[in-house]
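Peer 1: generate coordinates for the sequence data below:
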Amino acid sequence: MRISDLFKPALPRIEPVGMEAAARLAAIHGASFSRAWSTLEFERLLAERGVVADGLFLGNTTKSSGFVMSRIVLDEAEILTVALAPEARGKRHSPPLLTCHLEELSRRGVKTVHLEVEEGNHPALALYRRFGFKETGRRQGYYQKPDGTRVAALTMTLEL
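Peer 2: Purely as a prediction, here's the structure:
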């Protein structure tokens, strides 16, 4: 090993996460959405058979900086949520995180992936469209904003 290798930042890694990560996932989710899920909600989800979660880890830390979570039923999956901590946003971490997660879903026999996303969430929509997700529906007034207004959810699907 060269001395200069000691000072190189470690590459981001993507690894499965479980119950031990519930509090951290709740904190990231809370910094990302106006209706945050609690640690208990994450614990319940992570305890479900068929729920798969992958975390994004930056540097040598054991604390995730983002995650994606899906529920698998037979050969279909629904992406339940994707979130990045504020310090990880805008740094192109979402594409490798989603790639790794979709590959894991495929390894588990998933053929079709569904999700819903707030109509005004342009970064997420751009990401999903780049991966080939197609809009399949619209739920008018589905999400409530902090100011009380409501916005549509777009449903999207990807065939793996």
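
Peer 1: roughly how far does Asp75 sit from Pro96?
Peer 2: Counting by C-beta to C-beta, to the nearest Å, the gap between Asp75 and Pro96 amounts to 25 Å. To be clear about C-beta, it is placed using only N, CA and C from the backbone, and glycine gets the same treatment.

Peer 1: Pro12 too?
Peer 2: Using C-beta to C-beta, Pro12 is found at 7 Å from Pro96.

Peer 1: neighbour count: the two, which is higher?
Peer 2: Looking at Pro12 and Pro96 with other C-beta atoms under 10 Å, you find the greater number of neighbours at Pro12, namely 17 against 14.

Peer 1: which one is that one nearest to, not counting chain neighbours?
Peer 2: Setting aside the residues directly before and after it, Pro12 is nearest to Leu58 in space (C-beta to C-beta, 6 or more residues apart in numbering), at 5.3 Å.

Peer 1: and Arg108, by the same measure?
Peer 2: Ranked by C-beta to C-beta, 6+ apart and with sequence neighbours excluded, the top spatial neighbour of Arg108 is Ile72, at 6.0 Å.

Peer 1: regarding the one you found, what is its secondary structure?
Peer 2: Under the three-state scheme (DSSP: H, G, I helix; E, B strand; the rest coil), Ile72 adopts strand.

Peer 1: that one is in contact with Val52, isn't it?
Peer 2: Yes. Between Ile72 and Val52 there is a contact under C-beta atoms under 8 Å: 6.3 Å.
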